[in-house]
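Q: got a predicted structure plus its sequence, pasted below:
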Amino acid sequence: MTEEFKLRSTDEFIKLGQLLKAAGLSETGADAKEDILSGNVMVNGEAEYRRGKKLRDGDIVSFSGKTIKIIK
């Protein structure tokens with residue numbers, strides 16, 4: 001099941017580390033960093049290692065059995 005994460009109306013993107021925290025997939029920024037560096041976070045079907053990766057409308061993030069679609 002895919003959940004949706006709505007960007008604030010004033011935002012064009014959210015960074016990957018921020019999304020993991022905001023969506024409750026990582027408890028802290030340090031946890032998010034470790035999760036990303038482990039290679040277990042997928043963005044649009046590919047492993048992503050950059051915590052600052054900008055996620056925009058339509059991007060899909062998968063981690064820890066959950067899938068989140070970014071919507072504007």
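A: Done, it's in.

Q: now do the helices in the chain.
A: Assigned by DSSP state H, the helices in the chain fall at 16-22, 29-37.

Q: determine which stretch of these is the most buried.
A: helix 16-22 (a mean of 20; mean count of other CB atoms under 10 Å). C-beta here means a position set from N, CA and C on the backbone, and glycine is covered the same way.

Q: who touches it?
A: 5, 14, 25-29, 31-33, 35-36, 41, 43, 48, 50-53, 55, 61, 63, 68, 70 (CB atoms under 8 Å, 6 or more residues apart in numbering).

Q: make TSV out of the helices of the chain and add mean pLDDT.
A: Converted to TSV, the helices of the chain look like this (pLDDT from 0 to 100):
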stretch	mean pLDDT
helix 16-22	97
helix 29-37	96
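
Q: can I get these in CSV with distance to residue 10?
A: Output for these, formatted as CSV (distance: least, CB to CB, whole Å):
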stretch, distance to residue 10
helix 16-22, 15
helix 29-37, 22
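
Q: indicate which one of the ones you listed is closest to residue 9.
A: helix 16-22 (15.6 Å; CB to CB).

Q: what sits against residue 64?
A: So residue 64 contacts 25, 35, 40 (CB under 8 Å, 6+ apart).

Q: what sits against the last one?
A: Okay, so that is residue 40. Contacts of residue 40 by CB under 8 Å, 6+ apart are 47, 63, 64.

Q: make TSV out of the residues you listed and add pLDDT.
A: Shown next, in TSV, are those (pLDDT from 0 to 100):
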residue	pLDDT
47	97
63	96
64	90
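
Q: tell me which of these fall in strands.
A: Among these, DSSP state E puts 47, 63 in strands.

Q: how about the contacts of residue 40 in JSON lines, adding distance to residue 21?
A: Formatted as JSON lines, the contacts of residue 40 follow (distance: CB to CB, whole Å):
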{"residue": "47", "distance to residue 21": "19"}
{"residue": "63", "distance to residue 21": "12"}
{"residue": "64", "distance to residue 21": "13"}
